[in-house]
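A.B. asks: whatever this is, show me its structure:
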Amino acid sequence: MSYEVIQKVGQYQYIYLAEGFRNKDGQVRQKRRPIGKINPKTGQKVYKPEYLEELRLSGKVVEIPSTEKIFSIEDIRKSSVRSYGQFHLYRSISEKSGLTAALRQSIPDRWQEIFMLACYMISSCDPSMYCADWISGTESYPVGSMTSQRISELLISVTEKQRNAFYQFWYDSNREDEYLALDITSASSYSELIDDVEWGYNRDHDNLPQINICMLMGESRRLPIYQSIYSGSQKDVRTLTTTLKQFEAITGNRAITVVMDKGFFSTKNINYMLKDTGNGPVRFLMSVPFTSSFAKKQVDSERKDIDRVENTIVINGNSMRAVTKERSWDTQNKLYTHVCYNAKKAAGIREDIYATVANLRQKATEDPEKCLDDEECQKYLIIRKSDKQDNGYSINIRTDVVEKRLQTAGWVVLVSNDISDARKAMSIYRDKDVVEKGFHRLKNSIDLGRLRVHSDNAAQGKLFVGFVASVLMSGINKVMTDK
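C.D. replies: Residues are numbered from 1 along each chain as shown. So this is what the prediction gives:
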């Protein structure tokens, strides 16, 4: 008959199953085998899974304390090892930022799949066809097998109404009095079945048609707020009013301050933002390009007197000169015009141009015939045949072109209907690179420089998942930057 024996070995107590017998000499002996141990914290018996399996097969029942979770041999055979850290990090960022709540409210049936696909895009540079393998080895929400076919169905299933509902919930959970940087980028595609894919200015210099992605990003929290998609042939300046109208329609808020570069400048855009539609005008800060006579006029008016100590402002340890004046835009509106001059930058540009022209002149002197078809040589040099020169050509510098390039070197003109202080305006304008960094992560870290889908709905769906992934990555980046 077998019975349990508890034996202390060191600081631990082990449970043995003992069975008595007589040897050939008739002496009483005992066989022992380990079957478990005593939990030092609770004092309860903890049996080995193999012993519990033996008891189960023999029909015997052993009372197991409810505080202990016991796994059978079959449970262990069916178990797997999964990576937990990535999911824990992404889920934590999503819940704290309000992303989880916005997804759950706007896309209740598929939000978990969208979230896990976004996590996969961040964690792996592999195509979506390998997402199922990643899910199988990673802790996740209960999304099943994310096969390539299921992902295609998922991307198509997200409707415009759901996307807009998400942006509304997302903005409401992140509504802060912060400046919103607005910019646009492009994503290329090989597909001929996406209506919005068209030829246009390609920022990545891909010889492919593209679509344009316009994004609003908070400068303080450094999180993407809103995203809109346009055809590839649309120029930056044409997308501004449409984006602001869409954002206002979704969020119901026009009381925002938008920061933009010179690519969005036009009289039409300024007039639209100054217009009061009942909720007040759009507050803005914008750089003015020197193709505009307005910018040239402001620089010419300050060129003579700006380089004074009383006009000096210091931003992040770097000094420049700045003058702010309130200028009339039209008969009803005035704008704060910030004219800024960076003498150090201007000197650097001057040296670069002088060095470039000197190298081009040396190149033309050595081989003038080769430079006759060189676009950059023709831009800065006048090369003509001449019997008076040893090489048969006269070479002169186009000083008017050089001086024209230097007229605006180091100068920046900003206009705003909200910000009256030049130092504050320039600091805010410099912070707009937060959206440029967001685009860099979107196209490189999440691999959305190429769409790799074949329909309009799938393209919209993939870019939406990319937006979700960008929110998670921006959250990680903000913590790293702050720390």
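A.B. asks: in the least confident helix or strand in the chain by mean pLDDT, what counts as buried?
C.D. replies: One helix or strand of the chain scores below all others by mean pLDDT, DSSP states H and E: helix 73-78, with a mean of 79. Buried residues in helix 73-78, counted by 16 or more other CB atoms under 10 Å: none are found. Yep, even glycine has a C-beta here, placed from its N, CA and C like the rest.
A.B. asks: so what touches the next helix or strand after it?
C.D. replies: Per DSSP states H and E, the first helix or strand lying C-terminal to helix 73-78 is helix 85-97. The contact list for helix 85-97, computed with CB atoms under 8 Å, 6 or more residues apart in numbering, reads 99-101, 103, 115, 118-119, 122-123, 138-140, 173-174, 223, 471-472, 475-476.
A.B. asks: now with 10 Å, please.
C.D. replies: Outside helix 85-97, the residues that touch it by CB atoms under 10 Å, 6 or more residues apart in numbering are 99-103, 115-116, 118-120, 122-123, 134, 138-141, 170, 173-174, 221, 223, 468-469, 471-476, 478-479.
A.B. asks: mind giving me the packing neighbours of the helix or strand that it is followed by?
C.D. replies: As assigned by DSSP H and E, the chain's next helix or strand after helix 85-97 is helix 99-106. Applying 3 or more CB pairs under 10 Å, 6 or more residues apart in numbering; DSSP states H and E, one finds that helix 99-106 contacts helix 85-97, helix 111-123, helix 160-173, helix 456-482.
A.B. asks: any weak-confidence spans in the stretch 151-300 of the chain?
C.D. replies: Residues of the stretch 151-300 of the chain meeting the criterion pLDDT under 70: 189-207, 232-234, 254.
A.B. asks: if we go to 50?
C.D. replies: Across the stretch 151-300 of the chain, nothing is flagged by pLDDT under 50.
A.B. asks: where do the strands sit along it?
C.D. replies: In the stretch 151-300 of the chain, the segments counted as strands under DSSP state E, counting those that start in this stretch are 179-188, 210-218, 224-231, 257-260, 283-287.
A.B. asks: now the first one - C-alpha only, PDB.
C.D. replies: Output of strand 179-188 as PDB, limited to C-alpha atoms (Å, rounded to 0.1, in the frame of the first residue of the first chain):
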ATOM      1  CA  TYR A 179      -0.800  74.900 -32.100                       C
ATOM      2  CA  LEU A 180      -1.500  72.500 -34.900                       C
ATOM      3  CA  ALA A 181       1.200  72.000 -37.500                       C
ATOM      4  CA  LEU A 182      -0.200  71.300 -41.000                       C
ATOM      5  CA  ASP A 183       1.800  69.800 -43.800                       C
ATOM      6  CA  ILE A 184       1.400  67.400 -46.800                       C
ATOM      7  CA  THR A 185       3.400  64.500 -48.100                       C
ATOM      8  CA  SER A 186       3.000  61.900 -50.900                       C
ATOM      9  CA  ALA A 187       2.800  58.100 -51.000                       C
ATOM     10  CA  SER A 188       3.600  56.300 -54.200                       C
END
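A.B. asks: ok, now which ones touch the closest residue to residue 275 other than its chain neighbours?
C.D. replies: If the residues on either side of it in the chain are set aside, residue 275 comes closest to residue 281, at 6.4 Å by CB to CB, 6 or more residues apart in numbering. Counting by CB under 10 Å, 6+ apart, residue 281 touches 254, 255, 272, 273, 274, 275, 333, 417, 418.
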